[in-house]
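In: I would like to see how this sequence folds:
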Amino acid sequence: TKVNAHMWYLDDGMIIGSPEAVTAFVSDLRNLGNARGLRLNDTKCELIHGGGVRTDVLPTFKFTGHQFHLLGTPFGDRDYVSRFFEDEVLAEASAICAGLLPEPHAAYCVLRHCVSYNKMGHLMRTVDPDVLRPSALKFDALIRRTTSGLMGTDLTDEQWAQATLRIANGGLGLRSACGH
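Out: Numbers count the residues shown, from 1 in each chain. You can find the predicted model right below:
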């Protein structure tokens, strides 16, 4: 039985197929690698199932359910994606915003270059926009609150709209996750 697909980036790979096909592929991979002095590190391998649970297939691999994240992108139902966003992205961005430097310009630079749109850009390209929208609204609210704190005043909707413009257009360059 052949695998449905296999994709690789450097030493990271993904093998898609039936349990039997994946097991046979991994066996062939081990044999080819061993002949060249390369060893598969089972402790770094994950088995992600898309349906019926078979923990007997490749038992030395870490077993992951049908909801998982891969390369920073969550795969699963809406609740799983929302929890991933809350636990991973929003929590990290909140921690960074809470610990911003006391000097406003330095804090703005960290906010703009390390937290703002950059944190959401990857998710916006890889997650269904309808699923991501509630999370993007929360993220934008965090960036707006943080910016208001740096400015020492609550930003009106008009001021916030200007802040989300590119610097070349007279804004602060704090791109909105919802606006894209």
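In: which SSE is Leu29 in?
Out: helix 19-35 (DSSP states H and E).
In: And for that helix, what's in contact with it?
Out: 1-4, 6, 15-17, 39-40, 47, 54, 57-58 (CB atoms under 8 Å, 6 or more residues apart in numbering). For the C-beta atoms, the positions are set from N, CA and C on the backbone; glycine is no exception.
In: Kindly report the same for stretch 148-157.
Out: Here stretch 148-157 makes contact (CB under 8 Å, 6+ apart) with Leu100, Pro104, Ala107, Tyr108, Leu111, Arg144, Thr147, Ala163.
In: part of a strand, is the first one?
Out: Think Leu100. No. With DSSP: H, G, I helix; E, B strand; the rest coil as the criterion, Leu100 is located in coil rather than a strand.
In: oh, and call the first residue 397 from now on, that's how I've got it
Out: Sure, I'll start numbering at 397, so the last one becomes Leu496.
In: I'd assumed Cys505 was in contact with it.
Out: No. Judged on CB atoms under 8 Å, Leu496 makes no contact with Cys505 at a distance of 9.8 Å.
In: who's more crowded, those two?
Out: Leu496 (19 against 13; other CB atoms under 10 Å).
In: Skipping adjacent residues, who's closest to the more buried one in space?
Out: Excluding its sequence neighbours, the residue lying closest to Leu496 (CB to CB, 6 or more residues apart in numbering) is Ala503, at 3.9 Å.
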